[in-house]
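Student: Coordinates only, no sequence provided:
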Ligand SMILES: Nc1ncnc2c1ncn2[C@@H]1O[C@H](COP(=O)(O)OP(=O)(O)OP(=O)(O)O)[C@@H](O)[C@H]1O
């Protein structure tokens, strides 16, 4: 009889990248049939552990076994052949290839050949529908929304019917209904015996879905807790190493003069025009189910998307229309939603990615003073608890959450009067999120105005003075500060409005 533990077991696993000790003696046992959450701050080693399981990285020491058998083959394909399927953090799709091609991308040799074309189509359709609803299989993947592309990556893992399914922040880009469908699917797969490793920075998701939770802190596994003993406060204390975080709920306060004005902004030909005023020192939240217009609206405010109506920046000397090019001159900064493609310069260093739009601050007599940008970067690195090896290293060496912090620092460093943030804390750990809220509260207290689109309802409740909820490309409800709650926002998502909303 085999006395070896079943499932995927990591024992004493360590991994270094240069001077960075990403994992130190990491232990984890992933049992068949369980949904096991891996929790930890940005840079605590979660993705490194996942990449070791998924065959991307080779550990420096320690053992990995699957159903008692040492896992020695080290490549994503070899891991896949053993039944370990990983959905990595970044949404990776081939934009010019069809949805169908993308679902089967990387499925090689016999596995795929065994299936006829018709069967491939029907399996892909079935799995995709269960997560994302109907998506046409012949559409180029590049035409899908971010949420749909994320669902595509998950479908790619599911069609392989893995023994071990690893979801590294796979819900971060999913819309609410797809996320709910994924959870149903995860429960079904777990009931059939699939071992699922789940990573998310959203504590509501962690509380809802986990059978067990393992916490990583600074590369070490510090605790594993059963569902019956789960307490969010305890998990946060384990993650951060200290107990108690002050709640950061926004206090009501007076706003100043109007600084940005949208007039008759129309997001679709048949939708109602939107008039919008942003006042100095205000934090306005934008919410809605994916695809209901909030993303288009923040892009209109930033001048990066055009359409009917106008958006102007009000200055003492008059009004100036926002365009894609004049944001800097008008002190309007926009942080796009997608790190890859839209904002990161992957071949550049961490510091260059930070300093790019503000290099003028580091010029001394026509020369670039690198010590000046280093000083400016260090200040932000401290205030945002950035975890990195050295600032001259490539931005790609940072964990996903830390990349997001560098981008936020980049735009804060421009000293904007208006900061437009498109889902800025996606992938950012809960401790740092609260630090970011504190920074935004402080800066808005000094007169900066913020518009923040967030897919995380709790974030808007903590941060905003008021929240606009979008439905069908229009503002469905405007929820004032005294009415802000998870319930009031979610109710508006689904078309319910109380008397007080206008
Ligand atoms: N290829 C690499 N080269 C250099 N350093 C790396 C590399 N990959 C990861 N690291 C470093 O290892 C540490 C752990 O990173 P990892 O991506 O595992 O964190 P994480 O817990 O997944 O974070 P997040 O929640 O932000 O995704 C970080 O300090 C990171 O900068």
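Tutor: Thanks, I have it. Note that the coordinates shown come from a computational prediction; the quantities given were computed from them, not determined experimentally. Numbering: from 1, shown residues only.
Student: got the buried residues for the helix or strand where residue 487 lies?
Tutor: Take DSSP states H and E as the rule and residue 487 turns out to sit in helix 486-493. Neighbour-count burial for helix 486-493, counted by 16 or more other C-beta atoms under 10 Å, picks out 488-489, 491-493. The way it works is simple: take the backbone N, C-alpha and C, and place the C-beta from them, glycine included.
Student: do stretch 93-110 as well
Tutor: For stretch 93-110, by 16+ other C-beta under 10 Å, it's 93, 98-105, 107.
Student: Tell me which of those has the lowest pLDDT.
Tutor: pLDDT across the buried residues of stretch 93-110 is lowest for residue 107, at 71.
Student: Assumed that residue was part of a helix.
Tutor: No. Counting by DSSP: H, G, I helix; E, B strand; the rest coil, residue 107 is not part of a helix but coil.
Student: Which residue, other than its chain neighbours, is closest to it?
Tutor: Leaving out its chain neighbours, the residue that sits closest to residue 107 by C-beta to C-beta, 6 or more residues apart in numbering is residue 160, at 6.9 Å.
Student: which SSE is the residue nearest the centre of the chain in?
Tutor: Centroid-nearest residue in the chain, with C-alpha atoms, centre = their mean: residue 426, separated by 2.7 Å. Residue 426 is located outside every helix and strand, with elements delineated by DSSP H and E.
Student: Please list the residues of the stretch 401-502 of the chain that sit near the ligand.
Tutor: By the rule C-beta under 6 Å from any ligand atom, the part of the stretch 401-502 of the chain lying against the ligand is 401-402, 429.
Student: List buried residues within those residues.
Tutor: Among those, those that count as buried by neighbour count (16+ other C-beta under 10 Å) are 401-402, 429.
Student: Closest one of the buried residues of stretch 93-110 to residue 199?
Tutor: residue 93 (19.7 Å; C-beta to C-beta).
Student: Would you check that that closest one makes contact with residue 102?
Tutor: Yes. Taking C-beta atoms under 8 Å as the definition, residue 93 is a contact partner of residue 102 at 5.2 Å.
Student: Find the closest residue to the ligand in the stretch 51-200 of the chain.
Tutor: Per C-beta to the nearest ligand atom, residue 89 is where the stretch 51-200 of the chain lies closest to the ligand, at 5.9 Å.
Student: And the pLDDT for that residue?
Tutor: For residue 89, the pLDDT comes out at 77.
Student: Tell me the spacing between residue 44 and the ligand.
Tutor: 4 Å (C-beta to the nearest ligand atom, to the nearest Å).
Student: Going by distance to residue 262, which of the buried residues of stretch 93-110 wins?
Tutor: For the buried residues of stretch 93-110, the nearest to residue 262 is residue 93 (32.6 Å; C-beta to C-beta).
Student: if we can go back for a sec, contacting residues for the residue of the stretch 51-200 of the chain closest to the ligand?
Tutor: 47, 168-169, 172, 400, 427 (C-beta atoms under 8 Å, 6 or more residues apart in numbering).
Student: repeat that with 10 Å
Tutor: Taking C-beta atoms under 10 Å, 6 or more residues apart in numbering as the criterion, residue 89 is in contact with 46-47, 50-51, 167-170, 172-173, 199, 399-401, 403, 427.
Student: Name the member of these with the shortest distance to residue 220.
Tutor: Closest to residue 220, out of all of the contacts of residue 89 and judged by C-beta to C-beta, is residue 46, at 12.1 Å.
Student: Pretty sure the closest one sits against residue 167.
Tutor: No. With contact defined as C-beta atoms under 10 Å, residue 46 does not count as touching residue 167 (11.4 Å).
Student: higher neighbour count, those two?
Tutor: Comparing residue 46 with residue 167 by other C-beta atoms under 10 Å, the one with more neighbours is residue 46, at 29 against 26.
Student: re earlier: who are the packing partners of the helix holding residue 487?
Tutor: In terms of contacts (3 or more C-beta pairs under 10 Å, 6 or more residues apart in numbering; DSSP states H and E), helix 486-493 is packed against helix 176-191, strand 283-288, helix 457-463, strand 466-471, strand 474-480.
Student: Kindly recompute the last result at 6 Å.
Tutor: When contacts are defined as 3 or more C-beta pairs under 6 Å, 6 or more residues apart in numbering; DSSP states H and E, helix 486-493 packs onto helix 457-463, strand 474-480.
Student: any chance of those in CSV, plus mean pLDDT and mean neighbour count?
Tutor: CSV is the format used below for those (pLDDT from 0 to 100; neighbours: other C-beta atoms under 10 Å):
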stretch, mean pLDDT, mean neighbour count
helix 457-463, 89, 21
strand 474-480, 94, 21
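Student: Show me the one of the ones you listed that comes nearest residue 450.
Tutor: Ranking the helices and strands packed on helix 486-493 by proximity to residue 450 (C-beta to C-beta) places helix 457-463 first, at 8.1 Å.
Student: which other residues reach that closest one?
Tutor: Contact with helix 457-463 is made by 248-250, 283, 285, 287, 437, 454, 467, 484, 486, 489, as judged by C-beta atoms under 6 Å, 6 or more residues apart in numbering.
Student: Out of the residues you listed, which two are the most distant from each other?
Tutor: 248 and 287 (18.5 Å).
Student: Roughly how far does the residue nearest to residue 486 when sequence neighbours are not counted sit from residue 441?
Tutor: For residue 486, ignoring the flanking residues on the chain, the nearest one in space by C-beta to C-beta, 6+ apart is residue 457 at 5.1 Å. The gap separating residue 457 from residue 441 is 18 Å, by C-beta to C-beta, to the nearest Å.
Student: just residue 9 next, same as before
Tutor: Residue 9 is 44 Å from residue 441, where distance means C-beta to C-beta.
Student: Can you list the low-confidence ranges for the stretch 51-200 of the chain?
Tutor: Low-confidence segments of the stretch 51-200 of the chain (pLDDT under 70): 73, 108-113.
Student: just to revisit the earlier point, more neighbours, residue 248 and residue 287?
Tutor: A count of neighbours by other C-beta under 10 Å puts residue 287 above the other of residue 248 and residue 287, at 26 against 15.
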